[in-house]
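Novice: Provided below are the primary sequence and the corresponding predicted coordinates.
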Amino acid sequence: MDGGIGVGASHPHESAKVAAGASPAATPPAAPRAGGRRSAVVLAAAALIVALGALGVSALALARSDRTAAAGTAAATTPARRLPSGQAAATPPAAIPHASQAAEPTPTVSAGEINPSATFETVYQAQKLTIEGVCENNNTKVGNIDIDEPRVGADQARSELQYTNCSSPGYALGYAGPALLIARIGSATASPSDCADALRTAPIGLPIAPSQGLSLCIETDAAQAQSEGISQKLALLTVNSIASDGALAVTLTTWQVPA
């Protein structure tokens, strides 16, 4: 038939749609990978931590700066202490030198005195003597003591000391010959320098009552020593004991006085 629609003919409206050029459906964008998202998050967090750290350091530096400025301002504004009118500022005391730095003064030695700084030669070392003693009225020499030799019972002319043990006035060490220089000293091991100092600073007179432990420094007479043709002596006499019968035990050390 002439007016029929042929098989396979297009519908006019559908042809119009195709003719209108309708595009096929657009392809959706691909979804981002999960690994990329995690890296971005990590980097963002690290940046945040660095920023916070820098902010903390800045705050700490600012706080220290403020404290320093405040301390300087306080020091600058503290008023100086004013002294009363007419009063001068005290001068600090001079430093006292240490004992080891201060030089000891050299003692002045007068004519006839023994120089403590001299070199002394030992003549007799720790001689043991026992003196029986003598009563002054019997004119015996058993109590005489020669310091130079040393010797007990020496002639009167050569003796320096005499020990008496009479009941009255009692036991005593006194002069037998020319006057000596005598000094009490507190050590049985005193050196010749110690004795020279003691004789210069604290001489005593005789007679003196002996007692156990008593130590005496003795300087013999220079003129008598010269007349006898011997050297002058410096001596240390220490009383060891006094027996019940009055016998006196002593130790005697002598040194030669330098010319």
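Specialist: Yep, it's here.
Novice: what's near enough to touch Ile114?
Specialist: By C-beta atoms under 8 Å, 6 or more residues apart in numbering, the contact list for Ile114 reads 196, 199-200, 219, 234, 257. To be clear about C-beta, it is placed using only N, CA and C from the backbone, and glycine gets the same treatment.
Novice: try it again with 6 Å
Specialist: 196, 257 (C-beta atoms under 6 Å, 6 or more residues apart in numbering).
Novice: check which residues of the host helix or strand of Ala249 are buried.
Specialist: Following DSSP states H and E, one finds Ala249 within strand 248-256. Neighbour counts using 16 or more other C-beta atoms under 10 Å place 248, 250-256 of strand 248-256 among the buried residues.
Novice: again with stretch 128-148
Specialist: Neighbour-count burial for stretch 128-148 flags 129, 131-134, 143-148 (criterion: 16+ other C-beta under 10 Å).
Novice: also stretch 167-177?
Specialist: For stretch 167-177, by 16+ other C-beta under 10 Å, it's 171-173, 176-177.
Novice: just to revisit the earlier point, narrow the buried residues of stretch 128-148 to those in strands?
Specialist: Counting by DSSP state E, the buried residues of stretch 128-148 place 129, 131, 144-146 in strands.
Novice: which parts of the protein are strands?
Specialist: 121-131, 144-146, 151-152, 161-165, 171-175, 181-185, 203-204, 215-219, 233-242, 248-256.
Novice: which residue packs closest to Ala222, ignoring adjacent ones?
Specialist: Take Ala222 and drop its neighbours on the chain: the residue closest to it by C-beta to C-beta, 6 or more residues apart in numbering is Gln232, 4.7 Å away.
Novice: wait, I meant Glu219
Specialist: Using C-beta to C-beta, 6+ apart, the nearest residue to Glu219 is Leu181, at 4.0 Å.
Novice: quick one, what contacts the one you found?
Specialist: Residues near Leu181 by C-beta under 6 Å, 6+ apart: 199, 203, 219.
Novice: ok, 10 Å please
Specialist: Going by C-beta atoms under 10 Å, 6 or more residues apart in numbering, Leu181 touches 112-114, 195-196, 198-200, 203-204, 217-221, 234.
Novice: could you do Ala196 as well?
Specialist: Ala196 neighbours (C-beta under 10 Å, 6+ apart): 107, 109, 113-118, 120, 181, 183, 190, 217, 219, 234, 255, 257.
Novice: just for the stretch 101-250 of the chain, where's the confidence low?
Specialist: Counting by pLDDT under 70, the stretch 101-250 of the chain contains low-confidence ranges at 101-112, 136-139.
Novice: try it again at 80.
Specialist: Scanning the stretch 101-250 of the chain for pLDDT under 80 picks out the ranges 101-112, 134-140, 167-169, 177-179.
Novice: now Ala235: how far from Pro169?
Specialist: 25 Å (C-beta to C-beta, to the nearest Å).
Novice: mind listing the helices for this protein?
Specialist: For the chain, helices defined by DSSP state H occupy the ranges 12-19, 34-77, 192-201, 222-227.
Novice: what about the residue nearest to Ala222, neighbour count?
Specialist: Residues within reach of Gln232, counting by other C-beta atoms under 10 Å, total 19.
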